[in-house]
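> What follows is a protein structure lacking sequence information:
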């Protein structure tokens, strides 16, 4: 118990995270990576595109929370598809 308290004070508390299977969406790959925070699962993941110049990645975290890891995995893919459809390659110019 004290270990957890000190970890939180140091800002290094461990989060449970799940990594889903990569999903292909056009020229992009989506790797959902939601994490647990305060008993809820937060929408998060990585959008990947391999280009002649190298691999590009955009990490995203959204405020959406879910009751289960499975729901968060599915919604993380949905949210990534939406980001790709709206921004395309411009998403790599955004801060992640």
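Structure received. This is a predicted model, so every value here is computed, not measured.
> now the helices for the chain?
Secondary structure of the chain (DSSP state H): helices located at 2-10, 69-87.
> residues contacting the nearest residue to residue 44 once chain neighbours are set aside?
Spatial nearest neighbour of residue 44, chain neighbours left out: residue 61 (4.4 Å); criterion: C-beta to C-beta, 6 or more residues apart in numbering. (Glycine included, C-beta is placed from N, CA and C.) Taking C-beta atoms under 8 Å, 6 or more residues apart in numbering, we find residue 61 in contact with 42-44.
> In a markdown table: those, plus pLDDT.
Putting the contacts of residue 61 into a markdown table (pLDDT from 0 to 100) gives the following:
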| residue | pLDDT |
| --- | --- |
| 42 | 97 |
| 43 | 97 |
| 44 | 97 |
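> most neighbours, which of the residues you listed?
residue 43 (25 neighbours; other C-beta atoms under 10 Å).
> Let me know whether it touches residue 79 as I believe.
Yes. If you go by C-beta atoms under 8 Å, residue 43 and residue 79 touch, sitting 5.5 Å apart.
> what touches both of the two?
By C-beta under 8 Å, 6+ apart, the residues touching both residue 43 and residue 79 are 62, 64.
> Give the full set of residues in contact with residue 77.
20, 23, 30, 32, 45.
> Is the second one bridged to anything, and to what?
Translated: residue 23. Going by DSSP bridges, residue 23 is paired in beta bridges with residue 30.
> any idea which of the contacts of residue 77 has the most stuff around it?
Across the contacts of residue 77, neighbour numbers were computed from other C-beta under 10 Å; residue 45 holds the maximum, 27 neighbours.
> just checking, residue 32 touches residue 70?
No. The criterion here is C-beta under 8 Å, and residue 32 misses it with residue 70 at 10.5 Å.
> Tell me the pLDDT of residue 92.
We have a pLDDT of 87 for residue 92.
> Not counting sequence-adjacent ones, nearest residue to it?
Nearest residue to residue 92, sequence neighbours excluded (C-beta to C-beta, 6+ apart): residue 56, at 4.8 Å.
> Quick check: beta-bridge partners of that neighbour?
Using DSSP bridges, the beta-bridge partners of residue 56 come out as residue 49.
> per-residue confidence at it?
pLDDT, residue 56: 95.
> Fine by me, we can end here.
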